[in-house]
Structure formats: structure tokens, C-alpha cells
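[1] Sequence first, predicted model second:
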Amino acid sequence: QQDIIIGVVVLVSLLLSFNPLSSWCASDPIPPPHDGGGMSRVPLGLGGANQSLLWGTYRPSVYFGTKTRSETPLFTGMMWVGHTKDYRSLDKMRHTCEENDHLDKYGWAQHDGRSFGTQEIIDSLNGLILTTTFIKVNSEKEHGGDWVAKISGRPIKGKEAHPISLFYYVASEDTDVNLKLGSKKPSKKGLSPDKIVMSGRTPHLGSFNVIVLDPNEPPTLQEPTKPSKSSGDIERTHYFGAKIPAKDAWKLRDHVMPDLQGKSFKIFSDYITSAQVEKQADASSSSNQAPIIPTLPNTISSQSNLLVIQRVLKPPFEIEVIFVSHSAHPTSDDEGNNDDGKQGEGKSDASSSSILSSGALDSIIEDVSGPALDTIIKERKRQFEARFEQTFQLSSKGFSPAEVKFAMYALSNMIGGMGYWHGDTLVQESKNKNNGPVRTSPRSLMSAVPSRPFFPRGFLWDEGFHELLVQFWDPSLSMEVIGHWLNDGMDEKGWIQREQILGDEARSKVPAEFQVQFPNFANPPTLLLAIDTMLARASSSSSSSPSSHAKDDESSVPRMVPPPTKEDILPTAAAASDETSSTSSSS
């Protein structure tokens with residue numbers, strides 16, 4: 001508990017070293033832009049967090065994805081679409097969390113915020129229930145260790161299950177990542193789906209592999225009377241790789257949809273005569289028409305920083321994605337090339353240039369796939385449920401299993417919805433709005449979010465309340481989040497943007513009229529509530545057993561430091577004019 005107390009005291013000291021509200025109440029409410037110069041910083045990544053938290057499901061705006069906590073992240077994710085006889089079915093591609101997708105349900109059933117999470121996605125339109133599970137292994141090792149994602153699909157009883165194209169992608173804002181596919185030049189007809197091996201290297205990760213295991217049988221579909229020449233072989237895995245600008249790496253749909261849409265219409269046109277195209281554009285179709293299934297072009301560019309694979313499936317199915325960090329395994333062979341086409345030469349900022357042999361890679365895969373993975377998932381679920389009961393003691397308090405499950409869902413979506421962003425933001429520095437906003441220097445933030453489809457970014461007011469819950473589950477994780485808000489989030493006058501819209505991807509979810517932040521607009525400092533509660537709990541824990549759960553109320557828990565008085569926080573506000581105070585409160 002001593003580490004927690006020390007960390008919280010550092011946070012409080014930083015907060016009290018500013019007079020944020022006094023700067024808002026002063027005659028000049030516009031603080032200068034934050035440049036980080038001369039400002040005290042809260043140390044982040046304490047207790048090995050920079051390694052153990054390097055990888056996570058830090059992409060709340062997508063249904064499922066992973067990402068590194070870095071300025072030029074490597075990230076992965078999935079998209080899926082159901083295929084019908086209507087060539088426009090591609091318009092219903094699922095990727096980012098959208099209300100217009102009309103999914104019945106999605107959300108984390110269990111998530112511990114660090115190394116395990118499982119969620120269920122119900123998609124009635126496609127007769128599909130998806131389960132995505134994320135597990136990290138040896139995450140304390142160099143470059144964050146390895147992780148595994150299992151994606152399972154099963155049909156909804158009583159619903160027609162359409163054939164599904166499942167897309168899984170790897171992308172990086174580091175354009176030198178050089179993503180490759182297999183050890184040989186991949187076939188233009190597609191790949192054997194059993195085992196797909198991707199490889200790459202970045203300065204902050206070293207060498208790595210992403211392996212996709214697909215033991216599923218190809219779907220049995222109605223054959224068209226006259227097959228289209230534009231149709232791909234649905235028994236194979238199709239792919240697309242390209243080198244794209246770093247700032248556009250997140251635009252997955254933009255990179256794959258034009259080609260797919262063109263092929264979809266071509267297949268549709270081939271099925272019917274030109275005279276029938278207009279007539280059948282309303283999705284009515286002849287009985288001998290098969291589902292329209294366009295496939296990726298099976299091309300890959302040199303020095304690709306985007307790589308997408310596509311598999312056509314019909315539920316039930318299972319896909320396993322395994323990320324292997326070579327530097328996390330001491331048995332790595334430091335010389336030569338491996339069978340997957342990765343070169344052992346070249347320098348980077350990564351401390352290890354280890355390259356795994358194909359035999360070592362196969363051994364790692366065997367330990368975290370198939371029945372072994374099922375055993376790991378079962379154990380991680382058991383551990384989560386035991387920890388949840390130990391922390392909140394809901395079952396022992398008489399809550400029903402359904403109520404406990406609901407509580408797990410609430411906590412898991414709060415923690416599983418955490419994201420990590422790095423980028424600039426728009427601030428209206430000048431009082432004269434005609435001068436227009438400016439872009440700040442890039443900054444980073446780790447935070448929970450109020451809503452994955454509507455507000456997948458950090459909000460200052462909300463985060464104070466979020467951390468009241470998170471700290472009960474994981475105080476160190478909560479301190480890491482609060483530290484991010486106080487590190488890059490706060491400028492030298494104490495102002496924190498109430499809405500953190502960092503980078504183009506975050507801005508894409510915000511209407512233009514709400515993207516600019518104004519330094520004379522403030523939110524109540526609810527982070528102080530979280531810090532105050534954290535101090536109380538740390539003080540209480542230091543005088544009781546770790547398993548005790550004393551009530552954290554003001555009457556029973558001593559404070560490590562007295563709450564600041566109004567005079568402490570607002571030394572100049574008391575002397576400010578009524579007019580100035582009125583101006584500040586309006587924000």
C-alpha cells in the first residue's frame with residue numbers, strides 16, 4: 001500500500017501546485033498553449049506498467065481491436081459483413097461501434113483491464129452471435145509479451161445465418177513496419193486458410209508475428225447457374241497489403257471498400273442481364289442467384305504498413321489470432337532469417353533484435369491455441385469471478401447470480417472501454433474567434449470513455465466519476481489513468497481540456513462544431529473526488545488486512561491530508577470582481 005500512497009501524494013501535490021480556477025476567473029481567461037516546458041510531470045508506467053500495459057483493447061470505438069500504448073501504435077481489429085443476394089449488403093459492414101448497425105447487443109461480459117476480456121456481440125440481421133476473447137501472456141516481459149484473441153461465431157436459433165466475411169487486419173502508424181505475409185510470395189488466388197503467418201518489426205516492439213489459425217470447413221453455398229469471373233475462391237483466405245500514409249492507417253473501410261464494392265456490383269451484373277439490373281436493384285433476385293461474395297484482390301505492396309485478410313465462413317466457426325513478440329522469448333535465435341521472411345539485420349530502438357526460429361514459433365503457438373487456449377480462457381474466467389467476489393462481495397451480501405452478472409458487465413464495460421490516444425487537438429487560443437483555432441503539439445492520454453458509439457474519447461468531468469469505480473478494482477490502473485490526465489492533459493495554468501479529441505481518428509467521431517476546445521470553458525474538477533477517495537482507501541488499507549472492505553465515508557476514514565479550503569484553491573478568486581466571476585461560472 002505504500003506505493004499507492006506515495007503515488008497519490010504525488011498526484012495531489014501536482015494538483016495543488018496550480019491555481020486552475022484562479023486562472024479561469026482572472027481578467028485574461030485564455031492561458032497560453034501547453035508546451036510542456038518547465039512543468040512537473042507525474043511519473044507514468046510505475047511498477048512495470050509500461051511493459052504490462054503496452055498491449056490492450058485500447059480501441060473503444062471499434063467492436064473489437066487491440067493497440068499498443070505508443071505514439072506510433074501497432075493496432076489490429078476485425079470487421080465482418082453478411083452476404084446476401086443484394087450487392088449492396090457491403091454497406092452493412094461492421095467495424096466501428098455505430099447505432100445505425102442496429103446490433104442487438106455488444107459489450108464486455110468480463111474484463112480485468114489488463115490481461116483478459118471477453119465480450120458477446122449479437123447481430124440478428126446476419127443470424128450471428130460473435131464472442132471475442134482477449135488474453136495476454138507473459139505481459140511483464142520485454143515489449144509487452146504475447147497475446148491471443150479468439151473469435152467464435154454461432155448461429156442464432158430461428159434466424160437465417162448468412163455466409164460471413166470476417167476480416168482481420170494489422171496496421172501501424174510506423175510506415176517502416178514492413179508487414180509481410182508468409183515466407184514465400186503469396187498466391188494471387190489466395191492462401192490456404194489453416195495457418196496464416198504475418199510478420200513485421202517496429203522500434204517499440206522489435207520483431208513480431210501475427211498468426212491466424214482457421215480450422216473451419218469452407219461454407220456450403222448455393223452454386224449460381226453461371227458463376228461470375230469476378231468471384232473469388234471462398235475456400236481460400238484472401239488478402240490485401242498496402243503502404244499508406246501514417247495519418248490514414250486507421251481508415252480501414254476506406255482502404256478496402258472501393259475494390260470490394262466494385263467487385264460486388266460486377267458479380268451482380270454477371271448474374272443477370274443488363275436489362276434486369278435496374279429491376280433487381282431493390283434486392284429482389286432470381287432463385288438461381290447465389291449470395292454475392294466479393295473478395296480482397298490478393299495483392300501486397302512492398303513495405304506495407306496495412307495488411308488485411310478475409311475469410312468466408314458460416315456459423316459455427318472459430319478463429320484464433322496469436323501475437324508473438326520475439327523479444328519476449330529468451331530462446332530466440334539472434335542470427336539469420338526465419339521461415340517467415342523476416343530479416344535479422346537492421347538496427348532499431350528495440351533493445352533486442354531476436355528472431356524466433358520456425359520451430360520455436362510453432363512451440364509457442366501450440367501452448368496458446370486449440371485445447372490449451374480453451375483451458376486458459378476457462379481459468380481466466382474463474383480468476384476474474386473469484387477476484388470480483390473478493391473485491392465487491394456481492395454474492396455473500398445476498399445478490400442473485402443474475403445481479404452479480406449484471407454488476408460484472410457494468411464494471412467490465414467501464415474498464416474494457418478504456419482507450420489510448422496520441423495526437424494533436426484543436427484549441428481556440430485567441431479571444432478573437434476570427435483568428436481560428438490552432439493545433440496543439442501531440443499529446444497522449446489513457447482514459448475510460450462515456451460511450452463507445454457516441455463518445456469514444458476522454459471527458460474530464462466523466463473521468464472523475466469513472467475512477468471512483470476503477471480504483472476499487474485496480475488502484476494502480478486508476479493512478480495510471482489519472483496520471484495521464486495530469487501529465488499531458490493539464491497546461492501550465494492548470495487548465496485541462498474538458499473533451500480530449502486527440503488525432504484524426506478521434507476527430508472523425510465528433511461533429512466539426514464541437515471539435516475546438518476553449519480555455520475559458522471548464523469542467524468541475526471531479527478528478528479530486530477520485531484522488532480523495534483513493535487517499536482514504538489507501539489510509540484505511542494500511543491499518544487493516546488486505547481482505548477487509550471498510551466503508552470509505554468521511555465519518556469513518558481518516559484523511560492523509562486535509563481537504564483544501566476554498567482559500568487554498570481560489571486565493572485570487574475571492575478578490576475578483578463579480579463580473580469576472582460571472583463570466584467564469586458561465587462556462
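    In hand now; what should we look at?

[2] Could you check the pLDDT of the residue nearest the centre of the chain?
    When CA atoms, centre = their mean is applied to the chain, the residue found nearest the centroid is Arg59 (1.7 Å). pLDDT for Arg59: 96.

[3] need the contact list for it.
    Going by CB atoms under 8 Å, 6 or more residues apart in numbering, Arg59 touches Gly65, Thr66, Lys67, Phe75, Gly77, Gly419. Placement of C-beta: from N, CA and C, glycine included.

[4] Could you list the low-pLDDT ranges of the stretch 351-500 of the chain?
    351-354, 433 (pLDDT under 70).

[5] That one: strands as residue ranges?
    419-423, 426-427, 438-439, 443-447, 458-459, 499-500 (DSSP state E, counting those that start in this stretch).

[6] just those: most buried one?
    strand 458-459 (a mean of 25; mean count of other CB atoms under 10 Å).

[7] So which elements touch it?
    strand 499-500 (3 or more CB pairs under 8 Å, 6 or more residues apart in numbering; DSSP states H and E).

[8] Run the chain-centre distance for the strand it packs on.
    17 Å (CA atoms, centre = their mean, to the nearest Å).

[9] could you point out which element follows it?
    helix 503-507 (DSSP states H and E).

[10] Just the endpoints, please. Distance across stretch 133-147?
    Taking CA to CA, to the nearest Å, stretch 133-147 runs 11 Å from one end to the other.

[11] secondary structure class for Lys136?
    Put simply, Lys136 is strand when judged by DSSP: H, G, I helix; E, B strand; the rest coil.

[12] and it, what does it touch?
    Counted by CB under 8 Å, 6+ apart, Lys136 has contacts Trp55, Arg114, Ser115, Phe116, Gly144, Gly145, Asp146, Trp147.

[13] Turn these into a markdown table, columns for distance to Val427, secondary structure and pLDDT.
    Shown next, in a markdown table, are these (distance: CB to CB, whole Å; DSSP: H, G, I helix; E, B strand; the rest coil; pLDDT from 0 to 100):
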| residue | distance to Val427 | secondary structure | pLDDT |
| --- | --- | --- | --- |
| Trp55 | 31 | strand | 95 |
| Arg114 | 33 | coil | 95 |
| Ser115 | 36 | coil | 96 |
| Phe116 | 38 | strand | 98 |
| Gly144 | 32 | helix | 85 |
| Gly145 | 37 | coil | 90 |
| Asp146 | 40 | strand | 95 |
| Trp147 | 36 | strand | 97 |
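
[14] Using a markdown table, lay out these together with distance to Val177 and neighbour count.
    Putting the contacts of Lys136 into a markdown table (distance: CB to CB, whole Å; neighbours: other CB atoms under 10 Å) gives the following:
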| residue | distance to Val177 | neighbour count |
| --- | --- | --- |
| Trp55 | 15 | 28 |
| Arg114 | 25 | 17 |
| Ser115 | 24 | 21 |
| Phe116 | 27 | 21 |
| Gly144 | 16 | 26 |
| Gly145 | 19 | 22 |
| Asp146 | 18 | 25 |
| Trp147 | 17 | 24 |
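
[15] Could you export the residues you listed as JSON lines, including distance to Val470?
    Shown next, in JSON lines, are these (distance: CB to CB, whole Å):
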{"residue": "Trp55", "distance to Val470": "19"}
{"residue": "Arg114", "distance to Val470": "12"}
{"residue": "Ser115", "distance to Val470": "16"}
{"residue": "Phe116", "distance to Val470": "16"}
{"residue": "Gly144", "distance to Val470": "21"}
{"residue": "Gly145", "distance to Val470": "23"}
{"residue": "Asp146", "distance to Val470": "26"}
{"residue": "Trp147", "distance to Val470": "21"}
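
[16] tell me which of those residues is nearest to Ser357?
    Set against Ser357, the nearest of those by CB to CB is Asp146 (16.1 Å).

[17] Would you agree the residue nearest to the centre of the chain falls within a helix?
    No: counting by three-state DSSP, Arg59 is not part of a helix but coil.

[18] So what does it have for phi and psi?
    phi -130, psi 70 (degrees, to the nearest 10).

[19] do Pro524 as well
    According to degrees, to the nearest 10, Pro524 has phi -60, psi 140.

[20] Quick check: the closest residue to it other than its chain neighbours vs Asp491, distance?
    Leaving aside its sequence neighbours, Pro524 sits nearest to Trp461 (CB to CB, 6 or more residues apart in numbering; 6.1 Å). The gap separating Trp461 from Asp491 is 18 Å, by CB to CB, to the nearest Å.

[21] The residue nearest to Asp488 when sequence neighbours are not counted: what's it in contact with?
    Leaving out its chain neighbours, the residue that sits closest to Asp488 by CB to CB, 6+ apart is Arg443, at 3.6 Å. Shown in contact with Arg443 (CB under 8 Å, 6+ apart): His34, His422, Gly423, Asp424, Thr425, Asp488, Gly489, Leu502.

[22] nearest to Glu513, of those residues?
    Thr425 (15.3 Å).

[23] Quick check: the closest one touching Thr440?
    Yes: taking CB atoms under 8 Å as the definition, Thr425 is a contact partner of Thr440 at 5.1 Å.

[24] When those two are compared, which one has more neighbours?
    More neighbours surround Thr425 than the other of Thr425 and Thr440, with 24 against 20 (other CB atoms under 10 Å).

[25] can you pull the buried residues of stretch 499-508?
    Glu499, Gln500, Ile501, Leu502, Gly503, Glu505, Ala506, Arg507 (16 or more other CB atoms under 10 Å).

[26] ditto for stretch 111-122
    So for stretch 111-122, counting by 16+ other CB under 10 Å, buried means His111, Asp112, Gly113, Arg114, Ser115, Phe116, Gly117, Thr118, Gln119, Glu120, Ile121.

[27] packing partners for the helix or strand hosting the last one?
    When you say that, I think you mean Ile121. Taking DSSP H and E as the criterion, Ile121 maps to strand 116-123. Judged by 3+ CB pairs under 8 Å, 6+ apart, strand 116-123 is in contact with strand 105-111, strand 128-137, helix 370-392, helix 401-416.

[28] tell me the angle the third one makes with strand 128-137.
    Here helix 370-392 runs at an angle of 80 degrees relative to strand 128-137 (axes from the mean of the first three to the mean of the last three CA atoms, to 10 degrees).

[29] Report all helices and strands that helix 370-392 contacts.
    If contacts are counted by 3+ CB pairs under 8 Å, 6+ apart, helix 370-392 sits against strand 105-111, strand 116-123, strand 128-137, strand 146-155, helix 401-416, helix 460-473.

[30] Show me what counts as buried in that helix.
    Leu373, Ile376, Ile377, Arg380, Phe384, Phe388, Phe392.

[31] Let me know the closest of those to Arg154.
    Nearest member of these to Arg154, counting by CB to CB, is Ile377, at 15.6 Å.

[32] Setting the sequence-adjacent residues aside, check what's closest to the closest one.
    In space, Ile377 is closest to Thr133, 5.7 Å off (CB to CB, 6+ apart).

[33] So what pairs up with the one you found in the strands?
    Thr118, Lys150 (DSSP bridges).

[34] Correct me if wrong: it contacts Glu120.
    No: under the criterion of CB under 8 Å, Thr133 is not in contact with Glu120, lying 10.1 Å apart.

[35] circling back: okay, the contacts of Arg443 in CSV with distance to Glu467 next?
    Formatted as CSV, the contacts of Arg443 follow (distance: CB to CB, whole Å):
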residue, distance to Glu467
His34, 22
His422, 21
Gly423, 23
Asp424, 25
Thr425, 21
Asp488, 17
Gly489, 13
Leu502, 19
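
[36] Go through these and name the one nearest Asn50.
    His422 (14.4 Å).
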